[in-house]
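> output the structure for:
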Amino acid sequence: MTRNPNETNNTHTDNFFLPDFCNVRMVFAVVIISELLAIVLTLSPLRSSSDRWNDLSIISLFVQWVGLSSAGILCLARPRLARMKETYAATISYFLLLLTTLVITEAAFMIGAYLQLENWSSDFWLLSHWQVDLLLRNLGISAIFSAIVLRFFYIQHQWEQNVRAEAQSRLQALQSRIRPHFLFNSLNTIASLTQINADQAEAAVENLADLFRNNLADASLHISLEDELKLTQRYLEIEKLRLGERLQLCWNVDKLPGDASVPRLILQPLLENAIYHGIEPISHGGTISIDGHLSSDGHADKNTLHISISNPLTQRENAEQRQGNKIAQDNIRQRLAAIYGENGKLDVQEDEKNYTITLIIPYQLGNPVATREEKVHT
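Here you go, the predicted model:
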């Protein structure tokens, strides 16, 4: 299926930190903010002036000119800026605002000088010192104000992303608590084992009960890494009974500290994807590798957990499978960002044979204190 380019552009722009300045409401907001800035600039001089209203009219005209022109330029540039990294986009946006201020200041100076000087050709250069002073003053104000505005838009965007991530993680947690296909497969496996191996059937029922007990717990609470790994092993044991020799597991997690605190249900969705996208489509199955280690930079409070899950990559994996895999990854990535900020990451590496996901989580004992996700719950 071919994707509509307009849909791709909309996806980029919807996730961009700059608002849509083509929107009428944003234009109105620019007018209001520009007028407030003009009032502040008019009242800021300490010297008394008997003609404040005239000063306000001139300053308002200039500031509105700069504000609306900047909004128009960002409106036109936003689709392209949205395709860039946020750092590059913010830097280019910042210089576009300064360039707009520079051009309009020069234009205002030229118009004002032309209207005030009778002998344009001979007297124009007398105002060169005033021109430089005006440029430096306006560029300085624009530099400070533009930085504050762009920072505000970025923080607002991050806050909206965190709220959206929390909502998605809650939804994902609710969905993961009742997995019809997994439940039906598990019950069918248990039913078949009752006639063949009662002990295995009993162990599968206990594993399934533990998994549902964990899934019914509050998804916002943290869990020790040791318990999370045990629950993950119980899930894999059930899948192992269903898939048999098609599912091979390679554990290398001895170097991970079991007392580390991690978000609940952080590994199971990734392993479900690894089985669904990496093992089930292959007739002979494959091996899922779970590796982990603790990296240290010499500071106990900056140690980091690295947990990797690798599964074989099918030769032809359709777009729907990739999209489903991406949804789960984006959900966990946003959840990590909501809890740990920039310190929590999910990296993906892909080659011709394997698909590897790596969780990077700060090493913390007990529940993280006052994380952003738990502040929202309280």
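> work out for me the element residue 237 sits within.
According to DSSP states H and E, residue 237 maps onto helix 225-243.
> so how far is that helix from its chain's centroid?
Its chain's C-alpha centre lies 30 Å from the corresponding centre of helix 225-243 when counted by CA atoms, centre = their mean, to the nearest Å.
> just stretch 277-284 next, same as before
That offset, for stretch 277-284, works out to 31 Å (CA atoms, centre = their mean).
> average pLDDT across it?
Across stretch 277-284, the average pLDDT comes to 86.
> for the stretch 251-378 of the chain, what spans make up the helices?
Using DSSP state H, counting those that start in this stretch, the helices found in the stretch 251-378 of the chain span residues 268-273, 319-340, 372-377.
> quick revisit: residues of the helix holding residue 237 that come out buried?
225, 228-229, 231-243 (16 or more other CB atoms under 10 Å). Heads up, the C-betas are built off the backbone N, CA and C, glycines and all.
> can you name every helix or strand that it contacts?
helix 180-196, helix 198-215, strand 247-252, strand 261-263, helix 268-273 (3 or more CB pairs under 8 Å, 6 or more residues apart in numbering; DSSP states H and E).
> looking at these, which is closest to residue 102?
Nearest of those to residue 102, taken as CB to CB: strand 261-263 at 48.1 Å.
> what lines up beside that closest one in the sheet?
Using DSSP bridges, the strands paired with strand 261-263 are strand 222-224 (antiparallel).
> just how off-centre is the strand it pairs with within its chain?
23 Å.
> do me a favour and average the pLDDT over that strand.
Here the average pLDDT along strand 222-224 is 85.
> low-confidence ranges in the chain?
1-14, 46-50, 113-130, 163-165, 167-185, 212-221, 297-301, 315-327, 366-378 (pLDDT under 70).
> domain-wise, how is this protein divided?
5-172, 223-228+240-377 (automatic domain parsing).
> count of neighbours near residue 142?
Neighbourhood size, residue 142 [other CB atoms under 10 Å]: 21.
> wait, what's in contact with it?
The contact partners of residue 142, by CB atoms under 8 Å, 6 or more residues apart in numbering, come to 66, 97-98, 101.
> make JSON lines from these and add neighbour count, distance to residue 16 and secondary structure to it.
Listed next are those as JSON lines, based on neighbours: other CB atoms under 10 Å; distance: CB to CB, whole Å; DSSP: H, G, I helix; E, B strand; the rest coil:
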{"residue": "66", "neighbour count": "24", "distance to residue 16": "23", "secondary structure": "helix"}
{"residue": "97", "neighbour count": "24", "distance to residue 16": "16", "secondary structure": "helix"}
{"residue": "98", "neighbour count": "16", "distance to residue 16": "20", "secondary structure": "helix"}
{"residue": "101", "neighbour count": "25", "distance to residue 16": "23", "secondary structure": "helix"}
